[in-house]
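Chemist: pasting the sequence and the predicted model now:
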Amino acid sequence: MTDVYVIGAGIIPFARHEASSLTDLSVEAAYQAIKDSGIVPHRIDSGYFASVLGGRLFGDSTLGQSVFAEVGISGGPIVNIENACASGSSAVCLAYNALSAGQSDYAIVVGAEKMCVPGLGLLNSGESDIETKLGLVTPASFALRAQRHMYEFGTTLEQMAQVSVKNRRHAAANPIAFFRQPVTLEEVLNAPMITDPLTRPQCCPMADGAAALVLASGSAISNNKRAIKINAAVLTSGSYQNPIDLVRWETDQRSCRLAYEKAGMGPDDLDLVECHDAFTIAEIIHYEALGLCEVGEGGRLVAEGATSLGGRIPVNVSGGLIGRGHPVAATGVAQIVEVVAQLRGEAKERQVDGAKVGLAHCMGADRQGDARSCTVAILSS
Amino acid sequence: MPARLKENTAPEAGATELLPPVQEGIFSLPAAGETGGPRLMGGYCRACERYHFPRERHCHRCLGPVEAADLGDSGVIYSFTAVRAKPPLGLPQPYAVGFVDLAANGLRVFALLDPDCVDHFKIGAPVILAVKPLGHDGKGRPCLRPYFTLQQHPAESEA
């Protein structure tokens, strides 16, 4: 096993990019990451490209080869990846595995999505899926967890809304975030209901965007002082237990535990977390799965400010999906771009003081009350 | 049995029988002349003594053969939500979905809930299966969907 490092990171603003194609967005992020890495592109010998909706919305296929050719990368293995919301982070895991096994010296990963198009509607987990046919949409799958969390643990509407308030406040300090305006608790609670009890600001906004990373094996980084080590990068899938427990999320807990084991670390070692706050309740349940607090205590953790910038364990200082926006396949890469910026000490006004260890957590799609894909990566400076 | 259930599942005009189900094999309707309501249908593996919904092609545990199984028509609500945003598949706005713990075997199944009761569901409430034309099949063609409705309809409980 060879050590693996991030040596380059790139990200474009998460926004409505009406005049740009999916390829335009992807190439720009890839260009930034390669420039940031300081290496010449022809040394990058493998590539991983993630997009969820490119095929469906624009008829694209094997777009990775086109994107990477535009930045001077060709000849080696290139793979196109779809794993729902965890597509980008799944791509990072595949790159990590190849480098770790000594099959590549440098790899590029791009996650990109263009989804601000008319009539897309609420996302689901595939049109041929039985649950989709019976009316499941992604916000509902998390609303069902929220209802149950409130019922079992007394989690309140205000506590859930605090996740939006915090992440929108964080996003206001992130120049690439979709939302740059903070919101108040009252605004979150009084906004239109999407699916009970989640109001609109408690659901992440769709956005166009792209993020990219250049990874290097330990033997290839020489004296790169800005290299950030990847201590663990795990990819799992759901276990689809029946009866499923919607609030003690076995797949979430198992994935976090596996990453901690591989990194030889635990929750007390973390200085910051980027997690998959597609909806406010998701962030609360992920606190519990990550061991930042006991199961059932997530609502209180956010309400007491522990997960705000300046708190005990800041979560989603980038703004998270709720503040930064959620161009689906870009998200998992963007989370690691943020962790890298923090661990390099380059996050400016949203910098977590003295950050040495960061974790990025991402999840994708629903099946029988479970997630289909889950990734957890731990990085250190 | 609530009057609405009969009305939903055995219409005089016979329109219900002519519409296809949203997916084959997930429920059964009483044959002409039979009494009773619709039943949720799934699968059963004899070797593992395990029920599942929807029916698996092969048992997910032993890859052995599975047979069609009647999963009953009742359960209690484990969780529920009303979807108030623009609905997919021509469903009503708002509509409701949830997980139901089936009385017959303890399976926890995702289900549509009665769109006429969106503001009356509670965790733990007893529910019973119904079937009626609800929404379309994704290509604009009307179809039958199974859904759970409250065993005690709010109008009856208030009366």
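Modeler: Right, received. Where do you want to start? Numbering: from 1, shown residues only, chains lettered A, B, ... in the order given.

Chemist: what about the nearest residue to residue A:341 once chain neighbours are set aside, how many neighbours?
Modeler: The shortest distance from residue A:341 to any non-neighbouring residue, by CB to CB, 6 or more residues apart in numbering or on different chains, is to residue A:347 (4.6 Å). Every residue, glycine included, has its C-beta placed from N, CA and C. Using other CB atoms under 10 Å in any protein chain shown, residue A:347 is surrounded by 21 other residues.

Chemist: residue A:347 is in contact with residue A:340, isn't it?
Modeler: No - look at residue A:347 against residue A:340 with CB atoms under 8 Å: they stay out of range, at 9.5 Å.

Chemist: distance from whichever strand or helix holds residue A:341 to the middle of the chain?
Modeler: Secondary structure from DSSP states H and E places residue A:341 in helix A:328-343. On the basis of CA atoms, centre = their mean, to the nearest Å, helix A:328-343 sits 6 Å off its chain's mean C-alpha point.

Chemist: which SSE is immediately downstream of that helix?
Modeler: Helix A:328-343 is succeeded, C-terminally, by strand A:357-367 (DSSP H and E).

Chemist: quickly check: the next helix or strand along the chain from that next one near chain B or not.
Modeler: Tracing the chain past strand A:357-367, the next element assigned as helix or strand by DSSP H and E is strand A:370-380. No - on the criterion CB under 8 Å from any CB of the partner chain, strand A:370-380 is out of touch with chain B, staying 11.0 Å away.

Chemist: and strand A:370-380, what does it pack against?
Modeler: Where contact means 3 or more CB pairs under 8 Å, 6 or more residues apart in numbering or on different chains; DSSP states H and E, strand A:370-380 is packed against helix A:87-100, strand A:228-236, helix A:250-263, helix A:328-343, strand A:357-367.

Chemist: relative to strand A:370-380, how tilted is the first one?
Modeler: Our comparison of helix A:87-100 with strand A:370-380, counting by axes from the mean of the first three to the mean of the last three CA atoms, to 10 degrees, yields an angle of 50 degrees.

Chemist: now do the helix holding residue A:341, average pLDDT.
Modeler: The average pLDDT within helix A:328-343 is 98.

Chemist: for chain B, which residues are neighbours of chain A?
Modeler: Residues of chain B lying near chain A (CB under 8 Å from any CB): B:22-23, B:26, B:52, B:54, B:78-89, B:91, B:95, B:97-99, B:101, B:106-108, B:110-112, B:123, B:135, B:137-138, B:145-146.

Chemist: which positions in the least confident helix or strand in chain A by mean pLDDT come out as buried?
Modeler: In chain A, the helix or strand scored least confidently by mean pLDDT, DSSP states H and E is helix A:54-58, which has a mean of 90. Residues residue A:54 are the ones in helix A:54-58 that count as buried (16 or more other CB atoms under 10 Å in any protein chain shown).

Chemist: go on, stretch B:57-76?
Modeler: Buried residues in stretch B:57-76, counted by 16+ other CB under 10 Å: B:59, B:66, B:69, B:71, B:72, B:73, B:74, B:75, B:76.

Chemist: got the phi/psi numbers for the third one?
Modeler: When quoted as degrees, to the nearest 10, the phi and psi of residue B:69 stand at phi -140, psi 140.

Chemist: check what pLDDT residue A:225 gets.
Modeler: pLDDT for residue A:225: 87.

Chemist: what are the buried residues along stretch A:348-356?
Modeler: Within stretch A:348-356, the residues scored as buried using 16+ other CB under 10 Å are A:350, A:351, A:352, A:355.

Chemist: which residues touch the first one?
Modeler: For residue A:350, the contacting residues are A:170, A:173, A:174, A:309, A:317, A:318, by CB atoms under 8 Å, 6 or more residues apart in numbering or on different chains.
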